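# Could you work out the structure for the sequence below:
(2 chains)
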Amino acid sequence: ETGVTQTPRHLVMGMTNKKSLKCEQHLGHNAMYWYKQSAKKPLELMFVYSLEERVENNSVPSRFSPECPNSSHLFLHLHTLQPEDSALYLCASSPQARSGYTFGSGTRLTVV
Amino acid sequence: GENVEQHPSTLSVQEGDSAVIKCTYSDSASNYFPWYKQELGKRPQLIIDIRSNVGEKKDQRIAVTLNKTAKHFSLHITETQPEDSAVYFCAALGGTGGGADGLTFGKGTHLIIQP
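Sure, this is the predicted structure:
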């Protein structure tokens, strides 16, 4: 483990379900991020939190809702997803803005 | 916003030869350029990074070069080994400052080391 833990590792959900992805870091980092990784596409930035405040949204559909209750935890709440939302969702953290990330192992999401 | 282009998408080299992966970026204010390695089924891992006040950085068999004027940077791997086989991503961080910024990634290069 790198210090960034994501759960669950795999998730299959129907389009009408509501689920949440969890990310936890014990590195003392101040910034946390959600990225989406799809086949043959670059890693897509979804959300950025710095000191628990969201600073970037990147026009993500409202069916994805982030939550950062404290500097160590980050959630991604999912509802009424579409099959094209199936992807690997990666959480990352960094000591501060403008420095290298440590990634979690990701949650492999399949929407059926 | 920032746009990062990465080439080639697939690179096959003989074991022991060198590999070079190139990236260009669009935002002249970008000032941080990391490279990540992602093995199959695993998380991306930072392997080397460079900031805009430096033109080259080396770490054993890995080196990164940066040309700010041309807005491109490259990853060089020498004496390639089978364990170097992976997908490599370049990234750039915009220089807008103020608060957190997210890295913009290239599409990745699948590096294959032929025995």
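# Please enumerate the strands of the chain.
Going with chain A. In chain A, strands defined by DSSP state E lie at A:4-7, A:10-13, A:18-25, A:31-37, A:44-50, A:53-56, A:64-70, A:73-79, A:87-94, A:102-103, A:107-111, listed in chain order.
# Chain B is the one I meant
Using DSSP E, strands in chain B cover B:4-7, B:10-14, B:19-25, B:32-38, B:45-51, B:56-59, B:62-67, B:72-77, B:86-92, B:104-105, B:109-114.
# State the pLDDT value of residue B:36.
We have a pLDDT of 97 for residue B:36.
# Tell me how many other residues crowd the closest residue to it other than its chain neighbours.
In space, and not counting its chain neighbours, residue B:36 is closest to residue B:44: 3.9 Å by C-beta to C-beta, 6 or more residues apart in numbering or on different chains. In this view, the C-beta of every residue, glycine as well, is placed from N, C-alpha and C. Using other C-beta atoms under 10 Å in any protein chain shown, residue B:44 is surrounded by 27 other residues.
# who are the neighbours in contact with residue B:44?
A:43, A:90, A:101, A:103, B:36, B:37, B:38, B:89 (C-beta atoms under 8 Å, 6 or more residues apart in numbering or on different chains).
# Quick check: residues of chain B near chain A?
Contact residues, chain B versus chain A (C-beta under 8 Å from any C-beta of the partner chain): B:4, B:6, B:31-32, B:34, B:36, B:42-46, B:49, B:89, B:91, B:93, B:99-108.
# Could you give the bridge partners of the residue of chain A found nearest chain B?
Residue of chain A nearest chain B, by C-beta to the nearest C-beta: residue A:50 (3.4 Å). Beta-bridge partners recorded for residue A:50 (DSSP bridges): residue A:31, residue A:53.
# you'd agree it is up against residue A:33?
No: using C-beta atoms under 8 Å, residue A:50 is not in contact with residue A:33; the gap is 9.6 Å.
# Those two - which one has more neighbours?
Neighbour count, other C-beta under 10 Å: between residue A:50 and residue A:33, residue A:33 has more, with 26 against 21.
# who does the nearest residue to that one once chain neighbours are set aside bridge with?
Leaving out its chain neighbours, the residue that sits closest to residue A:33 by C-beta to C-beta, 6+ apart is residue A:92, at 4.6 Å. Here residue A:92 sits in beta bridges with residue A:33, residue A:103, going by DSSP bridges.
# hang on, residue A:92 packs against residue A:3?
No: taking contacts as C-beta under 8 Å, residue A:92 lies outside contact range of residue A:3: 11.1 Å.
# isn't residue A:87 right up against residue A:40?
No: at 11.4 Å, residue A:87 does not count as touching residue A:40 under the criterion of C-beta under 8 Å.
# can you pull the contacts of the residue nearest to residue A:99 when sequence neighbours are not counted?
Leaving aside its chain neighbours, residue A:99 sits nearest to residue B:32 (7.3 Å; criterion: C-beta to C-beta, 6+ apart). Neighbouring residues of residue B:32 by C-beta under 8 Å, 6+ apart: A:98, A:99, B:49, B:50, B:51, B:52, B:92, B:93.
# could you list every residue that touches residue B:50?
B:32, B:33, B:34, B:56, B:57, B:64, B:65, B:66, B:73.
# Residues touching the helix or strand of chain B with the lowest mean pLDDT, excluding its own?
When each helix and strand of chain B is scored by mean pLDDT, DSSP states H and E, strand B:104-105 comes last, with a mean of 92. Contact partners of strand B:104-105, identified using C-beta under 8 Å, 6+ apart, comprise A:42-43, A:45, B:1-4, B:25, B:36, B:89-94.
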